[in-house]
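Chemist: coords below, sequence missing:
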């Protein structure tokens, strides 16, 4: 067999750093927004929160938008790693499409939150209606768990096929996908333990997803994945 000359490539490390930065910036953005009310609280309570934390919500939305773009960078690095290890499978493209979809949903969600906050606080006559769009954005976030589940399912399949990451990362991705999917289907509950912003549905899936992204990012930073040198041709057989 003819050996193909390779060189070490470290640009995937930047994708790993972007993944860690995405989680850190997202946490800061969420903390900046303060203690958000539940969707089942009164419109007066929601309107009061939007009015009192207007500047913080807008700043937090900007930070979450930045975190979304960093998360997309991480997803592109993941798809690139899979494509280099397996150029004939559709799984790298599925992974990339999944992260693009998640980034689009995330950016739309935070943009809607910022736009809604700006609108109802600039036009005080709309404050009484603040509960409607506020709840809609929260429910949208819960339903997007379906997209997260599909993306992590594709990621698990790519790991099992390419072995770019340890196999336990694939099983953990499957666990995250299942929990995200179940949380999305709990969106029909109007409140309580299965409410769209409850600890079980609105917080736990996000925490598990963030932990997985941190683990994958660290592995990307540590790995030295070989790529073909310029001008080298892969050998298809003996």
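Modeler: Okay, I see it. Just so it is clear, the structure is predicted and the values come from calculations on it, not from any experiment.
Chemist: Tell me where this protein is predicted with low confidence.
Modeler: 1-10, 188-202, 223-238 (pLDDT under 70).
Chemist: And the helices in it?
Modeler: Per DSSP state H, the chain carries helices over the ranges 12-32, 43-52, 54-85, 91-122, 131-143, 145-162, 167-185, 204-222.
Chemist: other SSEs contacting the first one?
Modeler: With contacts defined as 3 or more Cβ pairs under 8 Å, 6 or more residues apart in numbering; DSSP states H and E, helix 12-32 has these neighbours: helix 54-85, helix 204-222. To be clear about C-beta, it is placed using only N, CA and C from the backbone, and glycine gets the same treatment.
Chemist: any idea which of the ones you listed is most buried?
Modeler: helix 54-85 (a mean of 20; mean count of other Cβ atoms under 10 Å).
Chemist: other SSEs contacting it?
Modeler: Helix 54-85 sits against helix 12-32, helix 91-122, helix 145-162, helix 204-222, strand 225-228, with contacts defined as 3+ Cβ pairs under 8 Å, 6+ apart.
Chemist: Of the ones you listed, which is nearest residue 41?
Modeler: Among the helices and strands packed on helix 54-85, helix 91-122 comes nearest to residue 41, with 15.5 Å by Cβ to Cβ.
Chemist: before we move on, back to that, ranking the helices and strands packed on helix 54-85 by burial, who's on top?
Modeler: helix 145-162 (a mean of 22).
Chemist: Give me the angle between it and helix 91-122.
Modeler: 160 degrees (axes from the mean of the first three to the mean of the last three Cα atoms, to 10 degrees).
Chemist: can you give me the angle helix 145-162 makes with helix 54-85?
Modeler: Using the same axes, to 10 degrees: helix 145-162 against helix 54-85 is 30 degrees.
Chemist: Run through who's touching helix 145-162.
Modeler: Contact with helix 145-162 is made by 75, 78, 81-82, 85-86, 89, 91-92, 94-95, 98-99, 101-102, 105, 164-165, 167, 169-171, 173-174, 176-178, 180-181, 183-184, 205, 209, 212, as judged by Cβ atoms under 8 Å, 6 or more residues apart in numbering.
Chemist: go on, stretch 70-88?
Modeler: 12, 14-16, 18-19, 21-22, 25-26, 89, 91-93, 95-96, 98-100, 102-103, 106, 151, 155, 158-159, 161-164, 213, 216-217, 220, 223, 225, 227.
Chemist: Kindly recompute the last result at 7 Å.
Modeler: Contacts of stretch 70-88 with the rest of the structure, by Cβ atoms under 7 Å, 6 or more residues apart in numbering, involve 12, 15-16, 18-19, 21-22, 25, 91-92, 95-96, 99-100, 103, 155, 158, 161-162, 164, 213, 216-217, 220, 225, 227.
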